[in-house]
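**Q** my questions concern the predicted model and sequence given below.
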Amino acid sequence: MWQTFSSFLFPFFLFLFIFTSTFHGVPANNLIRQTCKKCAQRDPNVSYNFCVTSLEATPKSHCVDDLRELGIISIKLLRRNITNSRSYIKEILKNKKLDPFIRSRLHDCFDLYSDAIPATKQAVDDFKSKHYDDANIDVSSVMDASTTCEDGFKEKEGAVSPLTKRNNDMFQLSAISLSIINMLLLN
């Protein structure tokens with residue numbers, strides 16, 4: 001009798017596991033899409049497709065069920081982007097044949113990105129403590145860093161920034177985080 005009962009339980013629990021894991025991501029996916037839609041409507045700096053793709057690429061985003069959790073994920077995603085870009089700059093700087101102007105701007109960007117990392121850590125702390133105004137200031141400083149970095153390359157005619165895509169991504173990720181923070185400020 002136990003064997004018959006246990007042979008019934010295993011498929012039942014397997015079905016239950018598959019059913020719940022399959023449909024658990026649907027509300028999170030919907031939350032991401034709704035949030036990105038609002039972000040893109042409220043801020044011309046946010047691309048809906050970039051927002052959805054970025055947030056859905058983060059595995060933890062598939063199981064969030066409220067805007068606060070998604071906000072923390074967005075700021076952590078921003079920090080990960082900054083950290084990776086900083087490492088990328090470090091690699092470029094190893095090239096001994098770099099134009100001196102480009103090298104100088106890359107050092108400036110490296111410093112800006114280095115300062116942005118603790119700003120995002122502080123933003124997460126402020127966000128978790130529901131100090132949304134402070135989180136807004138922290139993330140705004142990161143957004144400014146991406147613009148300052150990119151603008152530095154424009155000081156010399158004909159200079160091409162090797163960081164344009166990374167700076168644009170950092171700017172958009174900052175804009176997404178700021179939009180979510182502002183949504184929570186208005187609630």
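**A** Noted; the coordinates are in hand.

**Q** what ranges do the helices span in the chain?
**A** Secondary structure of the chain (DSSP state H): helices located at 2-42, 48-56, 67-93, 100-128, 132-153, 164-186.

**Q** want to try JSON lines for those helices, with mean pLDDT and mean neighbour count as columns?
**A** (Glycine included, C-beta is placed from N, CA and C.) Formatted as JSON lines, these follow (pLDDT from 0 to 100; neighbours: other Cβ atoms under 10 Å):
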{"stretch": "helix 2-42", "mean pLDDT": "61", "mean neighbour count": "13"}
{"stretch": "helix 48-56", "mean pLDDT": "96", "mean neighbour count": "18"}
{"stretch": "helix 67-93", "mean pLDDT": "97", "mean neighbour count": "19"}
{"stretch": "helix 100-128", "mean pLDDT": "97", "mean neighbour count": "18"}
{"stretch": "helix 132-153", "mean pLDDT": "97", "mean neighbour count": "20"}
{"stretch": "helix 164-186", "mean pLDDT": "96", "mean neighbour count": "21"}
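
**Q** what residues are up against residue 47?
**A** 40, 172 (Cβ atoms under 8 Å, 6 or more residues apart in numbering).

**Q** and residue 85, by the same measure?
**A** Applying Cβ under 8 Å, 6+ apart, we find residue 85 in contact with 113, 163, 166, 169, 170.

**Q** among these, give me the pair with the biggest separation.
**A** 113 and 169 (12.3 Å; Cβ to Cβ).
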